[in-house]
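K.L.:
make a model of this:
(chains A and B)
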2 protein chains.
Amino acid sequence: MAKNGPSYSVLSPGCPSRVVLDRIADKWTALVIQILASGTLRHSELQRRIGDISQKMLTQTLRSLERDGLVRRKVYPVASPKVEYTLTPLGRTLIEPLQGLCRWTEKHLTELEAHRWRGAASNPPVH
Amino acid sequence: MAKNGPSYSVLSPGCPSRVVLDRIADKWTALVIQILASGTLRHSELQRRIGDISQKMLTQTLRSLERDGLVRRKVYPVASPKVEYTLTPLGRTLIEPLQGLCRWTEKHLTELEAHRWRGAASNPPVH
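P.N.:
Okay, here's the model as predicted:
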């Protein structure tokens, strides 16, 4: 539940919500949450699905999500240890806002790239 | 308008939308877009409103937003040059998805912080 929600604003300098926004507004966080939205995955499978993330960066991202209570890590104590990651109910509430950002990116990519190309062709960089 | 939208997916490794997601899923981008949502501002005023951003980081963020066609920069050639920043119509379409992420952060901050505190108290960091 939202507690003291109205008292926090990312628009207030010094508000602790900015620290959290910094962790959440992140490409790897967005991808991990979107991929785990479809179900529990092992570390190796998650890395395969993301494709271009280093093992170190994936571990850091998952650890941060786990510390925030957004992802649950379960270790099966078998001969070859199996580690699985699942979104918590709190983590599932983040699917929609991050999905909104991902859908916006996919929808407007062509326009943004066109601006970049036009800009590069007509305006030399300003220093 | 969305062109070729359905052919892009941030879930596909190597999709160019990931490069754009990396620029958009960013704390400073989120704050600049949210603050400019209420109207045109000068560089100095924008920096004052954000509060804890360096001039260099703000300049980098604004330049990237300008290159993507999300922010328009207008220079008034007066004795003491005046530079103003305004969201473009394309930039305005980004207000809502970023607002969703900011609202989520403000709403769930208490829960995330509680998880962090509990975790720090009960689990020493795993290396």
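K.L.:
the helix or strand where A:A121 lies packs against which elements?
P.N.:
A:A121 is part of helix A:95-122, with elements assigned from DSSP states H and E. In terms of contacts (3 or more Cβ pairs under 8 Å, 6 or more residues apart in numbering or on different chains; DSSP states H and E), helix A:95-122 is packed against helix A:27-36, helix B:17-24, helix B:55-67, helix B:89-92, helix B:95-122. All C-beta atoms are positioned from the backbone trio N, CA, C, and that covers glycine.
K.L.:
give me the residues contacting the shortest one.
P.N.:
Going back to what we said before, that points to helix B:89-92. A:108, A:111-112, A:115, B:33, B:36-37, B:65, B:69-71 (Cβ atoms under 8 Å, 6 or more residues apart in numbering or on different chains).
K.L.:
most surrounded residue in those residues?
P.N.:
Neighbour counts for the contacts of helix B:89-92, by other Cβ atoms under 10 Å in any protein chain shown, peak at B:L70, which reaches 27 neighbours.
K.L.:
how much space between the most centrally placed residue in chain A and chain B?
P.N.:
In chain A, the residue lying closest to the centroid (Cα atoms, centre = their mean) is A:T29, at 1.6 Å. Applying Cβ to the nearest Cβ, to the nearest Å, the value for A:T29 to chain B is 8 Å.
K.L.:
mind checking pLDDT for that residue?
P.N.:
At A:T29 the predicted local confidence, pLDDT, stands at 97.
K.L.:
also A:P125?
P.N.:
Residue-level pLDDT assigned to A:P125 equals 56.
K.L.:
for A:L90, same thing?
P.N.:
In the predicted model, A:L90 carries a pLDDT score of 97.
K.L.:
spatially, which residue comes closest to it, not counting chain neighbours?
P.N.:
A:G69 (5.3 Å; Cβ to Cβ, 6 or more residues apart in numbering or on different chains).
K.L.:
which residues touch the one you found?
P.N.:
Taking Cβ under 8 Å, 6+ apart as the definition of contact, the neighbours of A:G69 are A:88, A:90-91, B:111-112, B:114-115.
K.L.:
could I get the buried residue list for the helix holding A:A121?
P.N.:
For helix A:95-122, the neighbour count (16 or more other Cβ atoms under 10 Å in any protein chain shown) marks A:97-113, A:115-116, A:119 as buried.
K.L.:
ditto for stretch A:37-51
P.N.:
By neighbour count with 16+ other Cβ under 10 Å, stretch A:37-51 contains the buried residues A:41, A:43, A:46-47, A:49-50.
K.L.:
and it, how far apart are its ends?
P.N.:
Here the two ends of stretch A:37-51 are set 17 Å apart, with distance taken as Cα to Cα, to the nearest Å.
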